[in-house]
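In: model this:
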Amino acid sequence: MKVALFGGTGFVGTHITEELINNHHDPVLLVRPGSENKVYLPDKCHVNIGDITDFESIEQTINNTDAVIYNIGIIRQFPKKGVTFEELHFEGARHCMEAAERLGVKRFILMSANGVKYDGTGYQSTKFLAEQYLKNTELEWTIFRPSLIFGDPKGKQEFCSQLRDDMLSLPLPAPLFFEGLIPWTAGQFEMSPIHIKDVAVLFVKALNIRKTIGKVYELGGPKSYNWIELIDIISAVSGKKKWKIPAPVLPIKLAACLLGRFPSFPITKEQLTMLLEGNTCDSTVAYKDFEFVPTNFSIENLEYLASE
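Out: Below is the predicted model of the structure:
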């Protein structure tokens, strides 16, 4: 199957590309100028140089393919550089949906996120709007909403590696974020980590499983972990023993409001908001429909953190 893949050079996209190739599919990637060296196994991919804001580039990538995977996503925006949630999560996805309909490419798989909602953060609301737009097309769609994704970054940005480098490697206690004045709930927010290999496998399997059409799948691992447990597990596999202290989130949010526009500042106000909301889900339906057993978030499956 010839598959148009948008967002194929980042962490998740690299693994999807690899899984497509391993299953004898033919990936067609839209890649920004200057990012050609980020393509995984470029000799086994069709690479179109262009931009997601360019209609002609989108149509050239989708034309004569059998399916579209839209996986473009950012975790923070920089409006002055034209990098916004609205442009990449919604407008780019909408243009791809419209092009797919015009070109008669019916199968469309969308990468969304767990916890999306209309009245959420900019990240959440633009992902939600893309979902709603897709549901109102005539395309044969499937939507995936993963929780925290972990696994071998292959040189890309990945949550556990970034947490280790930005927080756990510093000679400071790890912060246990909490809202309000009393730290009873410090570090108690939970996530359901899912392995990147599982995510890539499900995206590629969905291409040929008809019963997944018209369904939204929440994707999480077999167990949820709170922030304290995540820190302890990542510290252990990294060979570190990390002290932890309660950290009221209000002053950090204020600092993020002032400094979040700078790439060097490690977190934004919106990211803190989503972190404290938690990120858990029930993936029973996905496990059943795809007949798969998820990978555990365990020390043996996090060994890449020790080897980097």
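
In: Helices of the stretch 1-150 of the chain, residue ranges please.
Out: All helices of the stretch 1-150 of the chain, identified by DSSP state H, counting those that start in this stretch, fall at 11-22, 55-62, 85, 92-103, 122-135.

In: Distance to W184 added to the ones you listed, as JSON lines?
Out: (Glycine included, C-beta is placed from N, CA and C.) Conversion of these to JSON lines gives the following (distance: least, CB to CB, whole Å):
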{"stretch": "helix 11-22", "distance to W184": "35"}
{"stretch": "helix 55-62", "distance to W184": "50"}
{"stretch": "helix 85", "distance to W184": "33"}
{"stretch": "helix 92-103", "distance to W184": "40"}
{"stretch": "helix 122-135", "distance to W184": "26"}
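
In: got any ranges where the protein has weak pLDDT?
Out: Across the chain, the ranges flagged by pLDDT under 70 are 308.

In: Please parse it into its domains.
Out: As given by automatic domain parsing, the domain ranges for the chain are 2-150+193-220+280-295, 159-189+225-277.

In: out of those, which comes closest to Y304?
Out: domain 159-189+225-277 (7.7 Å; CB to CB).

In: Pull up the gap between K197 and A130, please.
Out: The gap separating K197 from A130 is 25 Å, by CB to CB, to the nearest Å.

In: Those two: which is more packed in?
Out: A130 (27 against 16; other CB atoms under 10 Å).

In: contacting residues for that one?
Out: Counting by CB atoms under 8 Å, 6 or more residues apart in numbering, A130 makes contact with Y70, H89, F90, A93, R94, L110, S112.

In: make it 7 Å
Out: H89, F90, A93, L110, S112 (CB atoms under 7 Å, 6 or more residues apart in numbering).

In: and of those, the nearest to D51?
Out: Of all those, D51 sits closest to A93, with 14.4 Å by CB to CB.

In: Please tell me how far the closest one sits from K127.
Out: Distance from A93 to K127, counting by CB to CB: 9 Å.

In: So which of these two has more stuff around it?
Out: Between A93 and K127, counted using other CB under 10 Å, the more crowded position is A93 (29 against 26).

In: What sits closest to the more buried one if chain neighbours are left out?
Out: Closest residue to A93 apart from its sequence neighbours, by CB to CB, 6 or more residues apart in numbering: A130 at 4.1 Å.

In: Strands of the stretch 51-200 of the chain, start to end?
Out: Counting by DSSP state E, counting those that start in this stretch, the stretch 51-200 of the chain has these strands, from start to end: 67-70, 107-111, 140-146, 149-150, 174-178, 190-191, 194-195.

In: Let me know the next secondary structure element after the first one.
Out: If I follow you right, that is strand 67-70. helix 85 (DSSP states H and E).

In: same for that next one, what does it pack against?
Out: In terms of contacts (3 or more CB pairs under 7 Å, 6 or more residues apart in numbering; DSSP states H and E), helix 85 is packed against helix 122-135.

In: Let me know the angle separating the helix it packs on from strand 140-146.
Out: Per axes from the mean of the first three to the mean of the last three CA atoms, to 10 degrees, the angle that helix 122-135 makes with strand 140-146 is 160 degrees.

In: Next, the buried residues of helix 122-135.
Out: For helix 122-135, a neighbour-count test (16 or more other CB atoms under 10 Å) marks Y123, Q124, S125, T126, K127, F128, L129, A130, E131, Y133, L134 as buried.
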